[in-house]
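[1] no letters, just coordinates:
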């Protein structure tokens with residue numbers, strides 16, 4: 001793996017992880033993860049991806065380099081998702097954490113639906129009622 005395995009190396013047994021998580025749940029209902037450099041790397045990757053796309057559109061960057069940056073960013077995001085999934089598999093996600101993940105995903109889908117609805121609304125508005 002690319003990043004630290006500390007967050008899910010407590011034990012290979014999900015039963016132990018569940019007991020460990022239940023003991024920590026007395027303090028609060030959330031799983032506090034260890035410090036990680038993953039969010040910083042993904043944010044830096046997003047900045048580099050945005051910069052490389054701007055350079056590509058202005059013909060300062062070859063398409064192979066832009067494609068390599070896009071693939072590297074995609075792999076970083078996949079690695080981060082794998083780490084979050086392994087936390088869940090080992091029993092670190094409590095009901096409050098699962099509720100937050102589900103709500104975040106639902107809000108993301110709703111925002112995408114609203115975006116495409118507004119896009120098609122504007123398209124049909126200007127297509128069916130052109131200004132003269």
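    Nice, thanks for sending it over. Computed from a predicted structure; not experimentally measured. Numbers count the residues shown, from 1 in each chain.
[2] ranges for the helices of this structure?
    Assigned by DSSP state H, the chain shows helices spanning 14-24, 38-57, 63-89, 95-128.
[3] who does the third one touch, helix- and strand-wise?
    Here helix 63-89 touches helix 38-57, going by 3 or more Cβ pairs under 8 Å, 6 or more residues apart in numbering; DSSP states H and E. For the C-beta atoms, the positions are set from N, CA and C on the backbone; glycine is no exception.
[4] need the residues that contact the helix it packs on.
    With Cβ atoms under 8 Å, 6 or more residues apart in numbering as the test, helix 38-57 has contacts from 3, 61-63, 65-66, 69-70, 72-73, 76-77, 79-80, 83.
[5] buried residues of it, list them for me.
    Neighbour-count burial for helix 38-57, with 16 or more other Cβ atoms under 10 Å as criterion, is recorded at 38, 41, 45, 49, 52, 56.
[6] okay, the angle between it and helix 63-89?
    Interaxial angle, helix 38-57 versus helix 63-89 (axes from the mean of the first three to the mean of the last three Cα atoms, to 10 degrees): 160 degrees.
[7] show me the two of the buried residues of helix 38-57 that sit farthest apart.
    Of all pairs drawn from the buried residues of helix 38-57, the one with the largest separation by Cβ to Cβ is 38 and 56; the distance is 26.0 Å.
[8] now residue 62. Nearest residue, chain neighbours left out?
    In space, and not counting its chain neighbours, residue 62 is closest to residue 56: 7.9 Å by Cβ to Cβ, 6 or more residues apart in numbering.
[9] make that residue 70, sorry
    Closest residue to residue 70 in three dimensions, ignoring its sequence neighbours and counting by Cβ to Cβ, 6+ apart: residue 49, at 6.4 Å.
[10] any idea how far the one you found is from residue 128?
    37 Å (Cβ to Cβ, to the nearest Å).
[11] go on, residue 117?
    Counting by Cβ to Cβ, the gap from residue 117 to residue 128 is 16 Å.
[12] tell me which of those two has more neighbours.
    For residue 117 and residue 128, the more surrounded residue by other Cβ atoms under 10 Å is residue 117, and the numbers stand at 10 against 7.
[13] having no further points to raise, I will conclude here.
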